[in-house]
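**Q** I would like to see how this sequence folds:
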Amino acid sequence: MKNNVKKISQCRREIEVEVPSEEVMKEFEKILTQFSKKAKIRGFRTGKIPKDIVKRMYYPEIKESLISSIAPKALKNEIKAKNLSPVDYPVIKDIYFKEKEPLRLKAQFEVWPEFDLPEYKNIEIKMKKISVTDDEINQSLLELQEKAAQYLPVEGRGVADDDYVILEIIGKDAKNNKLLPKKRVVVIAGNPQNEKALNEKLKGLKPDDETQIIIDYSKNHKEKKLAGKKIIYDIKVISIKEKKKPEIDDEFAKDIGDLKGLNDLKEKIKTEIMSLKERQEKREAGEEIIKKISDKLTFEIPKSSVQREYLTILDRTVASLNKEKIKSGDIEKIKEDAKNKAIQNIKNHLILSEIAKKENLKVSEKEINDEIEDIAKANNVAVEKVINSIDKEGKREQLKESILIKKSIDFLVKNAII
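**A** You can find the predicted model right below:
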């Protein structure tokens, strides 16, 4: 088998592959035999038709089957023999086939670019001095207090602001008296997101009390079934619960975890905030270093990889925006930003991968297991569930690559001049 690889650009290659005629004709005869067994031609019994007749009648189909059988395999073998790693599937551009002659084809594909790294050690950067304020600790305490709040049944009074109220609601179209489905809902009394009339009517009501409100919905209301209609709601209070927050004291700290008291909890919070800030500062420092390296490099990036990353970023961006924000005038800007970010992401990834290779950075099984544990903890799920998900989706290598990139960033920050 002969071949020739042509460099079209920094990332694009063209390969010519030639399959010997003996191999081609052997496969041709095999496919012809298969067609002869199944072919149906008037005047002949299936399986008893002469091969020359089958060949004449089904030649285009036989030729197509032959190319489908030989070309991909030959191309794959040649690419492997040349130690090339296509970024995406090769595209066959040209095929030549004639009986008793070698089969020739040309295919093009993209590869990752080769480039020389500039100096990446001892890069000067600035890092902020990190500290934790009392206000930050107190804010965290308030958040913990909020999470620990309980909702207890109300006794001896009616609905007050911030109560959790379970209501039974039946709506009726004021125009045609058509009833809407009865439903039970939970509302926070006095919440500004509630209808103003509801907040006003709920105040002071007790379980089993009933009231009625009328709402004129605008034509632009988000629920199309209600838009432009006047609805009469009959409302019954089922139950009322009030939020009870625990006192922030030693007992509260002991309930939170294995702690002696409030001072221990504050110290733990301070350590966690400090750790979070350090990681954030290190991440920003890493980004600054990578930018300085990236600015010194210019190289081609495979278009197929840019397109995949671009679509991922675009989907994520659009999903995070309200439909109102995605105006016709903004969409082109969103696309342009996503494209630029995709190019920079891939460029940064290539730089960090090259640094990892040059510094012989490796990822151990322990580091993979530690990362899996962190993912499980962050998502509040069992470690086994994360492992099963990673293995099922075939993402272990992707996880390993992600850890290696982090190690490359840590290496750069460690070897920077602060």
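
**Q** Report all helices and strands that the helix or strand hosting L276 contacts.
**A** In this structure, L276 sits in helix 262-294 according to DSSP states H and E. Packing partners of helix 262-294 (3 or more Cβ pairs under 8 Å, 6 or more residues apart in numbering; DSSP states H and E): helix 134-147, helix 250-256, helix 328-358, helix 396-414. Quick note: C-beta positions are derived from backbone N, CA and C, even for glycine.

**Q** can you give me how far it is from the chain middle?
**A** Distance of helix 262-294 from its chain centroid, counting by Cα atoms, centre = their mean, to the nearest Å, is 24 Å.

**Q** between it and helix 134-147, how many degrees?
**A** 110 degrees (axes from the mean of the first three to the mean of the last three Cα atoms, to 10 degrees).

**Q** what mean pLDDT does helix 262-294 have?
**A** Across helix 262-294, pLDDT averages out at 94.

**Q** Can you name the element that comes right after that helix?
**A** As assigned by DSSP H and E, the chain's next helix or strand after helix 262-294 is helix 303-320.

**Q** residues of that following helix that come out buried?
**A** 305-306, 309-310, 313-314 (16 or more other Cβ atoms under 10 Å).

**Q** Now do it and helix 328-358, the angle between them.
**A** Using the same axes, to 10 degrees: helix 303-320 against helix 328-358 is 130 degrees.

**Q** shift numbering so it begins at 115
**A** Okay, using 115 as the starting number, the last item reads as helix 417-434.

**Q** and helix 417-434, what other elements does it pack with?
**A** strand 217-224, helix 442-472.

**Q** Now tell me what touches whatever helix or strand comes next after the longest one from outside.
**A** Okay, so that is helix 442-472. Sequence-wise, the next helix or strand downstream of helix 442-472 (DSSP H and E) is helix 479-492. Residues outside helix 479-492 that contact it (Cβ atoms under 8 Å, 6 or more residues apart in numbering): 496-497, 499-501, 504, 510, 513-514, 516-517.

**Q** show me what contacts E130?
**A** By Cβ under 8 Å, 6+ apart, the neighbours of E130 are 117-120, 218-220.

**Q** ranges for the strands of the stretch 165-314 of the chain?
**A** Along the stretch 165-314 of the chain, counting by DSSP state E, counting those that start in this stretch, strands occupy 205-210, 217-224, 264-267, 278-287, 297-302.

**Q** Give me the contact list for the second one.
**A** Judged by Cβ under 8 Å, 6+ apart, the contacts made with strand 217-224 from elsewhere in the structure are 122, 125-133, 135, 138, 180-181, 184-185, 188-189, 193, 198, 200-211, 416-419.

**Q** how does it look with 7 Å?
**A** With contact meaning Cβ atoms under 7 Å, 6 or more residues apart in numbering, strand 217-224 is reached by 125-133, 138, 184-185, 189, 200-202, 204-211, 416-418.

**Q** and which of the contacts of helix 479-492 is nearest to A288?
**A** Nearest to A288, judged by Cβ to Cβ, of the contacts of helix 479-492 is K499 at 50.7 Å.

**Q** Can you check the pLDDT for that closest one?
**A** 90.

**Q** pLDDT weak spots in the stretch 115-264 of the chain?
**A** Flagging of the stretch 115-264 of the chain using pLDDT under 70 yields the residue ranges 115-117.

**Q** can we see that at 80?
**A** Segments of the stretch 115-264 of the chain classed as low confidence (criterion: pLDDT under 80) are 115-117, 156-157, 159, 161.

**Q** Quick check: PyMOL command selecting the buried ones in the contacts of strand 217-224.
**A** A single PyMOL command selects the buried members of the contacts of strand 217-224 (16+ other Cβ under 10 Å):
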select buried, resi 125+126+127+128+129+131+132+133+138+184+185+189+200+201+204+206+211+416
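
**Q** re the thing from before, now which of the contacts of E130 would you call buried?
**A** Counted by 16+ other Cβ under 10 Å, the contacts of E130 give 219-220 as buried.

**Q** Strand partners (parallel or antiparallel) of the longest strand anywhere in the chain?
**A** When the chain is scanned for its longest strand (criterion: DSSP state E), the result is strand 344-358. Looking at strand 344-358 with DSSP bridges, its partner strands are strand 264-267 (antiparallel), strand 278-287 (antiparallel), strand 324-330 (antiparallel).

**Q** Figure out how far it is from the centre of its chain.
**A** Worked out by Cα atoms, centre = their mean, strand 344-358 lies 40 Å from the chain centre.

**Q** For it, list every residue counted as buried.
**A** 345, 347, 349-351, 354, 356.

**Q** got the domain boundaries for this structure?
**A** What automatic domain parsing lists as the domains of the chain is 116-224, 264-358, 374-528.

**Q** Centroid-wise, who is the farthest residue in this structure?
**A** Ranked by distance from the centre of the chain (Cα atoms, centre = their mean), the top residue is G157, with 60.2 Å.

**Q** quick one: secondary structure of that one?
**A** The three-state assignment at G157 reads coil, by DSSP: H, G, I helix; E, B strand; the rest coil.

**Q** So it versus F149, what's the distance?
**A** G157 is 17 Å from F149, where distance means Cβ to Cβ, to the nearest Å.

**Q** Report how many residues lie close to Q124.
**A** A count of nearby residues for Q124, using other Cβ atoms under 10 Å, gives 15.

**Q** list the contacts for it?
**A** Here Q124 is in contact with 227, 413-414 (Cβ under 7 Å, 6+ apart).

**Q** which of the residues you listed are buried?
**A** Here, 16+ other Cβ under 10 Å leaves P227 buried among the contacts of Q124.

**Q** now the nearest residue to I448 once chain neighbours are set aside: how far from S418?
**A** Spatial nearest neighbour of I448, excluding adjacent residues (Cβ to Cβ, 6 or more residues apart in numbering): T431 at 6.0 Å. In this view, T431 and S418 are 21 Å apart by Cβ to Cβ.
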